[in-house]
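Colleague: below is the sequence, then the predicted model.
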Amino acid sequence: MKIMLIRHFATPGNEKRQYIGSTDEVLSEKTAFLKRSYPIPEYIIASPMKRCVQTAKRIWGTDLSGCPIVLEPLMRECDFGQFEGKTYEQLKKNAAYIKWLKSGGITAFPGGEDQEEFRKRCVEGMKKQVRFLIARHVKYAAFVVHGGTIMAVMHALYEEKKDFYNWQVENGSGYLVSVSEKEWENGIELLKNAEKRSGR
């Protein structure tokens, strides 16, 4: 099975370089004219946040009756807590933010979500949906999710281990990966053969 992991198109907060996690923003007006072409999948798995569902409709059209969208809450973006909606410039002198940066982005966000728990739930959501797709003999599916979600999934499940931040992608871009159904059915849950894609 082939799976395309796509980061949603940009929101107004993304364009301002704000930390946008739990804020349920809609897409920026600028993305209305953004062109991305990906093959039509048999299933779309999406974060329930507006920016992901809207991105799926922008890529494949508003009529997706022939291509079910399955919402997966476990794959929503991280809650940035006190950093939510703020930029680096606004936070760079904040003691809690400096501490978070020095940790390599590993510690919990003040008033927000623990990074380890965030990554764990994203991976759990990915595994759950891959098993769902395998059970239906799907050959090609797309996941429209968040940048942090893609990094969490690829860092944990990709066959070649790389740094978490190595997997960053721009809005509207992502990775095409392969899944061996037989390996997953035997408990070897890995993603393979990653190719970076940005649509055509």
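Modeller: Looks like it came in fine.

Colleague: in this protein, which spans are strands?
Modeller: Along the chain, counting by DSSP state E, strands occupy 2-7, 43-46, 69-71, 140-145, 174-178, 192-197.

Colleague: let me know which of these is tucked in deepest.
Modeller: strand 140-145 (a mean of 26; mean count of other C-beta atoms under 10 Å). To be clear about C-beta, it is placed using only N, CA and C from the backbone, and glycine gets the same treatment.

Colleague: send the alpha carbons of it over as PDB?
Modeller: Listed in PDB are the C-alpha atoms of strand 140-145, where the atom choice follows Å, rounded to 0.1, in the frame of the first residue of the first chain:
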ATOM      1  CA  TYR A 140      -3.500   4.100  -2.100                       C
ATOM      2  CA  ALA A 141      -4.600   6.500   0.700                       C
ATOM      3  CA  ALA A 142      -3.900  10.000   1.700                       C
ATOM      4  CA  PHE A 143      -3.500  11.500   5.200                       C
ATOM      5  CA  VAL A 144      -4.100  15.300   5.400                       C
ATOM      6  CA  VAL A 145      -2.800  16.300   8.800                       C
END
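
Colleague: which strands or helices does it pack on?
Modeller: Judged by 3 or more C-beta pairs under 8 Å, 6 or more residues apart in numbering; DSSP states H and E, the packing partners of strand 140-145 are strand 2-7, strand 43-46, helix 50-60, helix 115-135.

Colleague: on that earlier part again, any chance of the strands of the chain in TSV, with mean pLDDT and distance to Q18 too?
Modeller: Shown next, in TSV, are these (pLDDT from 0 to 100; distance: least, C-beta to C-beta, whole Å):
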stretch	mean pLDDT	distance to Q18
strand 2-7	98	16
strand 43-46	96	22
strand 69-71	95	24
strand 140-145	97	19
strand 174-178	98	21
strand 192-197	96	25
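
Colleague: out of those strands, nearest to K93?
Modeller: Taking C-beta to C-beta, strand 2-7 is the member of the strands of the chain nearest to K93, at 29.4 Å.

Colleague: show me which helix or strand of this structure is least confident by mean pLDDT.
Modeller: helix 95-102 (a mean of 86; mean pLDDT, DSSP states H and E).

Colleague: buried ones in it, by neighbour count?
Modeller: 97, 100 (16 or more other C-beta atoms under 10 Å).

Colleague: neighbouring contacts of that helix?
Modeller: For helix 95-102, contacts defined as C-beta atoms under 8 Å, 6 or more residues apart in numbering pick out 82-83, 91-92, 107, 109-110.

Colleague: just checking, which of these belong to helices?
Modeller: Among those, the members found in helices (DSSP state H) are L91.

Colleague: for the nearest residue in space to Y158 that is not next to it in sequence, what are its contacts?
Modeller: Spatial nearest neighbour of Y158, chain neighbours left out: L191 (5.1 Å); criterion: C-beta to C-beta, 6 or more residues apart in numbering. If a contact means C-beta under 8 Å, 6+ apart, then L191 has 3, 153-154, 157-159, 177-179 as its contacts.

Colleague: measure the nearest residue to H155 once chain neighbours are set aside to Q115 for me?
Modeller: Once flanking residues are discounted, H155 sits nearest to F164: 4.5 Å by C-beta to C-beta, 6+ apart. With distances taken as C-beta to C-beta, to the nearest Å, F164 is found 9 Å from Q115.
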